[in-house]
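In: just need the structure, nothing else, for what follows:
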Amino acid sequence: MDRKTEVDVKRQKVREFLDRHCLAGILLTRQSSFSWYTAGGENFVAINSDSGASSILATPEKDYLISDNIEAPRIQAEEAAGLGFELAQFEWYQPERKEQIIKDLTRGGTVATDTGPLADEFSQLRYSLTEGEIGRYRWLGKNTGESVSRVCQSLRVGVKESQIAGRLSESLLSKKIVPVVLLVGTDDRIEKFRHPIPTERRLVRYAMIVVCARRWGLIVSMTRLVHLGRLPESLRKKHNAVVQVDATLISHTVPGNLIKEIFEKAVHSYRQVGFGDQWRLHHQGGATGYATRDFKATSNSTHMVQENQAYAWNPSITGTKSEDTIIALPDKTEVITEIEDWPMIQTASIKRPDILQL
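Out: Got it, this is the predicted structure:
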């Protein structure tokens, strides 16, 4: 499926959404929405912003790129060329013109946004991935995994957490992959904090690397653990337990299954492996794709696994964690962030990553 065909498929979904809600248009301002609708285009300037530097106005008849004169040339040439978008431009020093342009193009009709009351429903249009998205996602998972593996293999006593983060950032960015979340913890910080942002601490024995990496708007999430020398028995027990929980989550992520039931199975798995209350200390993950998580699973979740939908589960037991990105295909659940030659643990259902010992 080429980009133009993919955009046409999504355009039909959006127009059905507009018709269903009697809308004259919907304004897409989020980076995630832009990337989804343009089949991998990127409209960001600031990495740390949810909003893009240009927007899309989708109407029942046409789609428009709404952009100031700074961003318009690049967006047209590099992100949306040949995809059927018409440019509506305003001068950067007249931002108030944007609102008037939208009003004129929709003849004053009702316009929704991807940040308004219909945002959650609109985001569900992207849950089931296209053939093109699955191909891009596989590339992203493979290349992110290779970067993580290379950095993990390089770890030695004395390296700073910030240096580990720098090595991974360099490897990813050289492939045009942006780390939107990057956590590195060493030794006792892994026990103390579920989200250890990198510090100047130096590695002694144990390291955890967590990354959410983005390209074409798609985001993969993964965690890997490295231990220098023999594993303590207490850590071995915890990691063997957490991968069992992860295997439960992954093996039940099948199209048609209810998220709340998958979550409840994970809670039961925590009890079975002897760590019954650990699920309370951190969320277990959930659906992903164009967000680090579209939603997080709970016992009250109303969602159902869709065909070709991506998930990133991340069960944890204090001091260890298991996380990969998967796609619930019609005939199997595929892990797209697997690392070749990484040590694995065979659970009752699938293999999950072990702690790398160097």
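In: which SSE is residue 184 in?
Out: Residue 184 is part of strand 178-186 when elements are defined by DSSP states H and E.
In: next helix or strand past that strand?
Out: Once the chain leaves strand 178-186, the next helix or strand it forms, by DSSP H and E, is helix 188-192.
In: other SSEs contacting that next one?
Out: Here helix 188-192 is seen to pack against strand 206-215 when contacts are counted using 3 or more CB pairs under 8 Å, 6 or more residues apart in numbering; DSSP states H and E. In short, each C-beta sits where N, CA and C put it, glycine included.
In: partners of the strand it packs on, with directions?
Out: Strand 206-215 sits in its sheet next to strand 178-186 (antiparallel), strand 218-227 (antiparallel), going by DSSP bridges.
In: could you pull out the helices for this protein?
Out: Taking DSSP state H as the criterion, the chain carries its helices at 3-20, 31-37, 72-74, 97-105, 119-123, 131-153, 161-173, 188-192, 233-251, 259-272.
In: out of those, nearest to residue 222?
Out: With CB to CB as the criterion, residue 222 lies closest to helix 131-153 of these, at 6.3 Å.
In: residue contacts, residue 186?
Out: Neighbouring residues of residue 186 by CB atoms under 8 Å, 6 or more residues apart in numbering: 161, 201, 202, 203, 204, 206, 207, 208.
In: can you get me a residue count around the nearest residue to residue 155 once chain neighbours are set aside?
Out: Leaving out its chain neighbours, the residue that sits closest to residue 155 by CB to CB, 6 or more residues apart in numbering is residue 226, at 5.3 Å. Neighbourhood size, residue 226 [other CB atoms under 10 Å]: 21.
In: want to throw the helices of the chain into CSV with mean pLDDT, mean neighbour count and distance to residue 354?
Out: As requested, these are arranged in CSV below (pLDDT from 0 to 100; neighbours: other CB atoms under 10 Å; distance: least, CB to CB, whole Å):
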stretch, mean pLDDT, mean neighbour count, distance to residue 354
helix 3-20, 98, 16, 37
helix 31-37, 98, 26, 33
helix 72-74, 97, 15, 44
helix 97-105, 97, 15, 52
helix 119-123, 97, 16, 35
helix 131-153, 98, 19, 12
helix 161-173, 98, 19, 19
helix 188-192, 98, 15, 16
helix 233-251, 98, 21, 7
helix 259-272, 98, 18, 18
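In: kindly reformat these as TSV containing distance to residue 288.
Out: Rendered in TSV, the data for the helices of the chain read as follows (distance: least, CB to CB, whole Å):
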stretch	distance to residue 288
helix 3-20	18
helix 31-37	11
helix 72-74	28
helix 97-105	31
helix 119-123	12
helix 131-153	10
helix 161-173	17
helix 188-192	23
helix 233-251	13
helix 259-272	13
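In: distance of the residue lying farthest from the centre of the chain from residue 60?
Out: Counting by CA atoms, centre = their mean, the extreme residue of the chain relative to its mean C-alpha position is residue 107, 36.5 Å from that point. Here residue 107 is placed at a distance of 11 Å from residue 60 (CB to CB, to the nearest Å).
In: mutual contacts of these two, please.
Out: Overlap between the contact sets of residue 107 and residue 60, as judged by CB under 8 Å, 6+ apart, is given by residue 24.
In: many thanks, I have nothing further to ask.
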